[in-house]
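Peer 1: Sharing a model that was predicted from the sequence below.
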Number of protein chains: 2
Amino acid sequence: MAAASFSLSNPATALRRSTTTTPQTPPPISTLSLKPTSTPSSRAVVHRRVSATRRRSAISASAAVEAAIEKADATVVDKSVNTIRFLAIDAVEKANSGHPGLPMGCAPMGHVLYDEIMRYNPKNPYWFNRDRFVLSAGHGCMLHYALLHLAGYDSVKEEDLKQFRQWGSRTPGHPENFETPGIEVTTGPLGQGIANAVGLALAEKHLAARFNKPDAEIVDHYTYCIIGDGCNMEGIANEACSLAGHWGLGKLIAFYDDNHISIDGDTEIAFTESVDKRFEALGWHTIWVKNGNTGYDEIRAAIQEAKAVTDRPTLIKVTTTIGFGSPNKANSYSVHGAALGAKEVEATRQNLGWPHEPFHVPEDVKKHWSRHTPEGAALEAEWNAKFSAYEKKYPEDAAELKSIADGVLPAGWEKALPTYTPEIPADATRNLSQTCLNALAPVLPGLIGGSADLASSNMTLMKTFGDFQKNTPEERNVRFGVREHGMGAICNGIALHSPGFVPYCATFFVFTDYMRGAMRISALSEAGVIYVMTHDSIGLGEDGPTHQPIEHLASFRAMPNILMLRPADGNETAGAYKVAVESRKRPSVLALSRQKLPNLPGTSIEGVAKGGYTISDNSTGNKPDVILIGTGSELEIAAKAADDLRKDGKTVRVVSFVSWELFDEQSDEYKESVLPANVTARVSIEAGTTFGWGKIVGSKGKAIGIDKFGASAPAGKIYKEYGITKEAVIAAANEVC
Amino acid sequence: MAAASFSLSNPATALRRSTTTTPQTPPPISTLSLKPTSTPSSRAVVHRRVSATRRRSAISASAAVEAAIEKADATVVDKSVNTIRFLAIDAVEKANSGHPGLPMGCAPMGHVLYDEIMRYNPKNPYWFNRDRFVLSAGHGCMLHYALLHLAGYDSVKEEDLKQFRQWGSRTPGHPENFETPGIEVTTGPLGQGIANAVGLALAEKHLAARFNKPDAEIVDHYTYCIIGDGCNMEGIANEACSLAGHWGLGKLIAFYDDNHISIDGDTEIAFTESVDKRFEALGWHTIWVKNGNTGYDEIRAAIQEAKAVTDRPTLIKVTTTIGFGSPNKANSYSVHGAALGAKEVEATRQNLGWPHEPFHVPEDVKKHWSRHTPEGAALEAEWNAKFSAYEKKYPEDAAELKSIADGVLPAGWEKALPTYTPEIPADATRNLSQTCLNALAPVLPGLIGGSADLASSNMTLMKTFGDFQKNTPEERNVRFGVREHGMGAICNGIALHSPGFVPYCATFFVFTDYMRGAMRISALSEAGVIYVMTHDSIGLGEDGPTHQPIEHLASFRAMPNILMLRPADGNETAGAYKVAVESRKRPSVLALSRQKLPNLPGTSIEGVAKGGYTISDNSTGNKPDVILIGTGSELEIAAKAADDLRKDGKTVRVVSFVSWELFDEQSDEYKESVLPANVTARVSIEAGTTFGWGKIVGSKGKAIGIDKFGASAPAGKIYKEYGITKEAVIAAANEVC
C-alpha cells in the first residue's frame, strides 16, 4: 500500500495560490436543461459558470501550466474526448472483448471530471484528500483506464492499455482497486459502485466533521460516480441512495448515464420508472443534462450546480448515446459488450474524423493533460503544508486522523480486549461482542459501524458515541435501516476510503444472504470489513427456519479471502475481534449466538488466532482415543460430552475449530499437533450443515450437524429434536473409537 | 397438495346471485385523505362507497347469511378488530415470543380485507381463483393466523393459536406456506413478500390474458399485500415494485403499514425518504389513509379506489399506530417484537374494553364471520360451474389451464427433450439449455420465465413467444431487467400461484449472490423455480474475478432442499431439465458454461437423475486403479486424462458428478457401484472451490479446483494458469494410485 503521504512529496512544486488569472465573462447558459429545484440558491449558481480555466487557476502550479490551460480551447477538448473514445475502442478491439459503448458515450463527462473538476495527484493515487471517482457501471472500465492514462497515472501506461483484459495486466475487464492504483473500489457487479461511493462520501463527511476546525479544513473532497441504467435497476443502489439522501451527503455527485440501452435492448422493455423522480423521493437534488454527447457546458454547469447544493447529494442525469460516433452501432445494445469489429472501427474513425493509429494520443492532447502531474503534486503539497500546520495546532486530532489515513493502528490497541475465566457467568456471544466493540471504541480511531435496524438485537451500539446522522456526522454509530446489501457495500466504501478505517456492520447471520454480493466484493477487493452476524443458528429459536442459518458457515468457509469465525465464549469473542481488526485486507464474519454460553476452560485469544486448537485433553503422546471438535455454541456440548467420556475411561481431546481458514494457514507440524493423522476417531458437532466437515473428521469420523431447514420452537426443544446434544456426541464417539 | 378443485365442492351451496339487497345511502367521505391522482375516474369511485353489506350481497349464499350480514354493524366490526388484536396479544403472551405490534396496528385493514373484500373459500385454501393475500411483514403473522382462524380455515383452530411458535405447530414464528394452508408464500425475511405478491399478480394477469374469453372471465382475482417500513427499505422491494409498475399490475393492491417504528426506533433515524413519491415514480397509483387505526371507511374507500385504477398497481399508505391499544407501549419499538407482559396485557384489556379470557372469540363475532364458510363454498361452486361451461366451449384452453392449476404435467412432456451423440458438434451448455427451453415451451403450459437483462447471454428466450409486457401479458418471456433478487422472489410467487407453473429465471451464476435470499426461500417454501445460471466458472474469461464464480457450487450444495446441477454436455443438460421440471417442490440451479463443450460418450439423461454415474470405465470387478470425478466443463478434462492414463495401462473409471444431492439420495448399493469404498485412489476436478470435495475423494484422494478468486484473461489462459488441466489430473492420478 502506497503511503497516504503526510510529508511533502515534492517541495519543489509547492503550491503558489494564483490570484492573477484574467477573469472571463461567463458564457450564456444555452442548453442546460434544469429540473425544478427547491433550492433557490442553487439555481443562481448555475448562471455563474466557472470555467475550467478559472477553476483550475485557483490551484494551478506554475505560470507555464496556466498558460497551457489558457490555450485549451474547444478543439482540444473535442480531441481529448475523442482520444478517450478511441483508446476504449482500440483496447476492446485488440482484446476482442470488452464494452466500448459506455466509454464512447460517457467520454465527455469523463473528460470534464478528470480534466477540469477533480483534484488528484496522478503520481500518488493514495493521496488522502483526493477526490474519489467510482465507475459504478464498471464494465465501461476502459473509460476509467483512458482517463487515468491521460491524467498521468503510472498504473495505466500505453502498454497497459494494450494488455486490456489479458493475463497479469493492470487493466482487467472490470475495475479492481487491488490491481490498478487510481481505481478506488472494485465494481462490475452492478449497483456495488454507487453504494461504495455512498460509503466514500460518508467517510469524507464523517472525517470532515470530526477533524476540520474553523481555521483548518483538512478533510475536503468530493465523491463522483457514474451509474448506468443497470445500476439504477438494482435494489442495492436504491438502498444506498436512500441512505445518501437521508444523510444529506452533499459532496456526493452521481452522473446517471441515461442511454436507454441495456443488454437486452431498449430500457423500454423493463425499466420505465421515472429515475429522477425516484431520486427526488430519496432526498436527492436532480439535474438533467439533455445533451451528454457534446454538451460540455451543460455538464460543467450541472457540476457547479451540484456543488452549490450542499445539503443533499446530486444526481445529474446525462442523456447520452451509447457507442456515440459509431455510425452503425451507436444507440444499440450491440455496442454495449462487444468489440466494434474492424469495419465499424474504421467507419467510426471516418465519422469522428480520427485519422490516428490505434492507441495514439495526439501531442496537443498529451500536452493539455500534462499539467495534471505538476498540479497534482502541488495540490498534495499544499495539503501537506496545511496538515503540518494542523498537526502543530491540534496534535491529538492529527494523530487520530493520521492513523485512519495511514492505516497504522495505535500501538497496544489489542490490550483493550477483555479476557474471561470460567467463573464469569455465561453470556451470549452477541453480548460479548458488544463488550469488545465498546472496549475497542476508545482505542481504534477508525472504528465505525452499525446494524441494519437490529442494533438492539445485534448488540452493536458503541455507548460512548451518538448516531452518525445528517447533522451529527462526527458520530460513529451508523443506522443503516433494513438495507443489508447497501450496508455491506457502504462499509466497503468506508474501508477503501482510508486504510485505518475499521468498519463493522451487523444483521442476523441468515441475512448475509441479502448482502452476499457486497461481502464477496469485500473479500475480493481486500476491504477489511467486520461482519457482526448474530443469531447464528437454530439457537435463535422461535423465529423459525426463515431466520435460522444452516448452510451459511459452509458458504463463507468456501469463499476465498474472507475469515469465517465462530467464537464459543468470551475469550474467543475477544480473539475473533483481535483477528478481525488486524485483518485490514481480509474481511471477517463473526457468527455470534443469541443464547447464553458459558466461559469454557481452555479457550484463549491466542488460540483463536490459530483457527483450531485444543481446549482440553486427558491423553498423552498426541494419541487420544477420540477427538471431539466443536465451534461456537456447540463447543460447550463437545466439552460436556468429553467430561462424560472421560468418566468412562476414555482419553478425549476437545478442539475448538473457530476458524477453518486460520487453521489451514498453520504449519503442518501445528496441524498434526491438534489433529494427528493417526487419530481417525473424530466427532464434530456444529448446529449447521455438515457440508465440508467430511474433510475434517475423515471417512472414519462422524459429523453431527443439521442438513435440513430449522423449525419454529424454543431453542432447547429444537436442539433436542435435531439431535444437537451431548448424548449424540457421546454415542458417535463410542461408535468411532 | 390439496386439489385446486375443479369439481363442485359443495353443490348444496350453489350460488344464488342476489339482486334483492336493500340499497343503502352512501355515507359521506369524512376522513379519507386522498393524494392527488392523475386518474380522474378513480377519484369519482371514492365517493361511491360500496358498503361491506352491499358488496357481499352480490355473492351471498343464502337469505339466512344475508340476514346475518345485514345486522353487522359498527359494533361487531370494532369487536372483530379487537378480537384480532387480542388473539395476537394472547398468542404472543402465551409463547412469550413474537410480534404483537403489527397485528394490533393492522387489525382494521386485516379485518376489512378478510371480512369484506377478499374472495376465498376457507374450506379449500387452494381454490384456484381465490384472492391472494401476502403478509410481507411476516413477523406480524399472528394477524394472518387470527384472520384465518376467524374466517374458518381448518388450519388455524384455537389449539393452533395456543401453540403459536411451538414445536410441530401450524402457527410458526413467520408465515410458512408449507406449514399452514391459507398462507400463500413464506415471508419473514423482509421484502420477499411484496416481491412474491408481484409474482402472484403477474401470474394472474398472465393467465387472465391467456385464458379469459369475452364470454368467460375464468381467471379473475386480486393480490393483496401488507408491507411495512422494513420491507420498503429493502432493495428487493424496490426492484419488484418497479417491475409491477412497469407491467401495470392493476390487480395488485399493497397496504403500506406506515407506523413510523422499526426495531431500532423511530424511522426518522434511517428512513426519511418519501415512500409514496417513490412509488409514484415507479408507476404506482398511491392513496393515503391517514387514520388506519379506526378509519374503516377510509380503508374501504381506498380499496375501491384502488380497484378502479386498473392500469397500475396501488399502494395504500395506511398510517397506523404500532401496538394500538396498549396504553404504555403503543407507538414504540418495545411493542414490535416482544410479548407485552401480563401487566400491559391487562392494561390493554382495560383500555380497549376487552373483558374476555385469552383466546376468546365473542359469539357475535363468531357468528358474523361464520358466513364465510358457506359464502366461500358458493364462490368456488360458482366458479366451478363457470369452468365447466368454459371447458365445454374451450376444451384445449381448459386443459392447459387445468394443467397449470392442478400441477399435473402433460403426459410424455419429457419426450420433447433432445438427446445427443458424440458426433454432434461441441456447444456451450448455455446454448444447449436454450434448445431444451425451446423444446419444452410447446409441451409445458406453465413454462414462463426470463433473464435479468442477460437474455442474449443466458440464452433464455423462448422463440415461439413474445414478451410478457403490460399490453401483452399473455406472452411468456419475462424481461426482469437488472433485478436479480426481485426476479427470484417474483418467480417464487409465480411458482406458488399454481403448482403447474414452471418458472425459470436467469443471470450469470456469480450473481446468485444477489438473489440468494430469494433462492433460499425457493428451497424452504418448496417453490420449484429453475435457476438458469450461465457463465459458471473462470471459463467466462475476460470479465474477470467479479464475474467468475468460485464458491458458488459449494454454497448451493450446502443449502437444504435445492438441487445444484452442473451438466457437462447436451445429454446432461437435457437430463438436468428433466430433473428440474419434475422437481416442482424443490428448486434447481443449473450451472451452465459460456464456452463450448463436446458431447461426451457415456453421458445420459438417466445418468443425471442419479446425480453421479460412470461415463466410462476400462476396469473389471468394480475395482479400477483410479476414479476420476468431474462435473460440467471439467468432465471433458477428466475424460481426456482417462484416455491418456489408460494408454499408460491404468484402469480408470470416469464419473460424472452432476448433482451431489441426487447422488446422496441413491441406495448404498448404487453408490458403492459408482464409488466403491475400497477404491481410495480418487481425483476430482472442478473449476471451483475444492471445499466439500474432501468427503468425495477421501483422505487419500486429491481434489483439483480453485481456492482463490479468478482473473481477467482469455479462458484458456486462466485454466492453464490455475492448473485446471488434463496434465494436472494425470499427475494427481499417478500420485494417488
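Peer 2: That came through, no problem. Here the structure is a predicted model, which means the values were calculated and not measured.
Peer 1: buried stuff in stretch A:639-654?
Peer 2: A:Ala639, A:Lys640, A:Ala641, A:Ala642, A:Leu645, A:Arg646, A:Lys650, A:Thr651, A:Val652, A:Arg653, A:Val654 (16 or more other C-beta atoms under 10 Å in any protein chain shown). Placement of C-beta: from N, CA and C, glycine included.
Peer 1: Next, the contact list for the residue of chain A found nearest chain B, please.
Peer 2: With C-beta to the nearest C-beta as the measure, A:Gly235 is the residue of chain A nearest to chain B, at 2.1 Å. Contacts here follow C-beta atoms under 8 Å, 6 or more residues apart in numbering or on different chains; on that basis A:Gly235 touches A:Gly191, A:His485, B:Glu234, B:Gly235, B:Ile236, B:Ala237, B:Asn238, B:Glu239, B:Arg483, B:His485, B:Gly486.
Peer 1: wait, the third one sits on A:Glu239?
Peer 2: Yes. B:Glu234 is within contact range of A:Glu239, at 7.2 Å (criterion: C-beta atoms under 8 Å).
Peer 1: Find residues that contact each of those two.
Peer 2: Common neighbours of B:Glu234 and A:Glu239 (C-beta under 8 Å, 6+ apart) are A:Arg483.
Peer 1: What distance do you get for the residue nearest to A:Lys329 when sequence neighbours are not counted to A:Ile227?
Peer 2: Counting by C-beta to C-beta, 6 or more residues apart in numbering or on different chains, A:Val335 is the residue found nearest to A:Lys329 once chain neighbours are left out, at 4.1 Å. Distance from A:Val335 to A:Ile227, counting by C-beta to C-beta, to the nearest Å: 19 Å.
Peer 1: just A:Ile269 next, same as before
Peer 2: Taking C-beta to C-beta, one finds A:Ile269 at 20 Å from A:Ile227.
Peer 1: Could you do A:Glu93 as well?
Peer 2: For A:Glu93, the distance to A:Ile227 equals 26 Å [C-beta to C-beta].
Peer 1: These two - which one has more neighbours?
Peer 2: Neighbours per residue (other C-beta atoms under 10 Å in any protein chain shown) separate A:Glu93 from A:Ile227, with A:Ile227 holding more: 27 against 20.
Peer 1: Name the nearest residue to the more buried one, sequence neighbours excluded.
Peer 2: Closest to A:Ile227 by C-beta to C-beta, 6+ apart is A:Ser136, at 4.4 Å.
Peer 1: again with A:Trp167
Peer 2: Nearest to A:Trp167 is B:Ala713, by C-beta to C-beta, 6+ apart, at 3.7 Å.
Peer 1: what's the answer for A:Ile269, then?
Peer 2: B:Arg479 is the one closest to A:Ile269 (C-beta to C-beta, 6+ apart), at 4.7 Å.
Peer 1: so what's the residue nearest the centre of chain A up against?
Peer 2: Nearest to the mean C-alpha position of chain A, by C-alpha atoms, centre = their mean, lies A:Asn492 at 2.0 Å. Residues in contact with A:Asn492 (C-beta under 8 Å, 6+ apart) are A:Val185, A:Gln192, A:Ala195, A:Asn196, A:Gly199, A:Ala518, A:Ile521, A:Ser522, A:Ser525, A:Ala527, A:Val529.
Peer 1: ok, now which ones touch the closest residue to A:Thr464 other than its chain neighbours?
Peer 2: Nearest residue to A:Thr464 in three dimensions, chain neighbours excluded: A:Ala441, at 5.6 Å (C-beta to C-beta, 6+ apart). Going by C-beta under 8 Å, 6+ apart, A:Ala441 touches A:Leu447, A:Met462, A:Lys463, A:Thr464, A:Phe465, A:Arg476.
Peer 1: Point out the residues in the stretch 301-450 of chain A that sit beside chain B.
Peer 2: A:Tyr333 (C-beta under 8 Å from any C-beta of the partner chain).
Peer 1: which residues of the stretch 301-450 of chain A score low on pLDDT?
Peer 2: Low-confidence segments of the stretch 301-450 of chain A (pLDDT under 70): none present.
Peer 1: which stretches of it form helices?
Peer 2: A:342-352, A:363-370, A:372-393, A:395-406, A:429-440 (DSSP state H, counting those that start in this stretch).
Peer 1: same thing with the stretch 101-250 of chain A?
Peer 2: A:101-111, A:141-151, A:158-162, A:192-211, A:229-233, A:235-247.
Peer 1: Make a markdown table from those helices and add mean pLDDT to it.
Peer 2: Below are these laid out as a markdown table (pLDDT from 0 to 100):
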| stretch | mean pLDDT |
| --- | --- |
| helix A:101-111 | 98 |
| helix A:141-151 | 98 |
| helix A:158-162 | 98 |
| helix A:192-211 | 98 |
| helix A:229-233 | 98 |
| helix A:235-247 | 98 |
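Peer 1: Now distance to B:Ala306 too, for the ones you listed, in JSON lines please.
Peer 2: Below are the helices of the stretch 101-250 of chain A laid out as JSON lines (distance: least, C-beta to C-beta, whole Å):
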{"stretch": "helix A:101-111", "distance to B:Ala306": "40"}
{"stretch": "helix A:141-151", "distance to B:Ala306": "45"}
{"stretch": "helix A:158-162", "distance to B:Ala306": "56"}
{"stretch": "helix A:192-211", "distance to B:Ala306": "33"}
{"stretch": "helix A:229-233", "distance to B:Ala306": "26"}
{"stretch": "helix A:235-247", "distance to B:Ala306": "24"}
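Peer 1: Between these, which one is closest to A:Leu417.
Peer 2: If you check each of those against A:Leu417 by C-beta to C-beta, helix A:192-211 wins as the nearest, at 24.1 Å.
Peer 1: Thanks again, I'm all set now.
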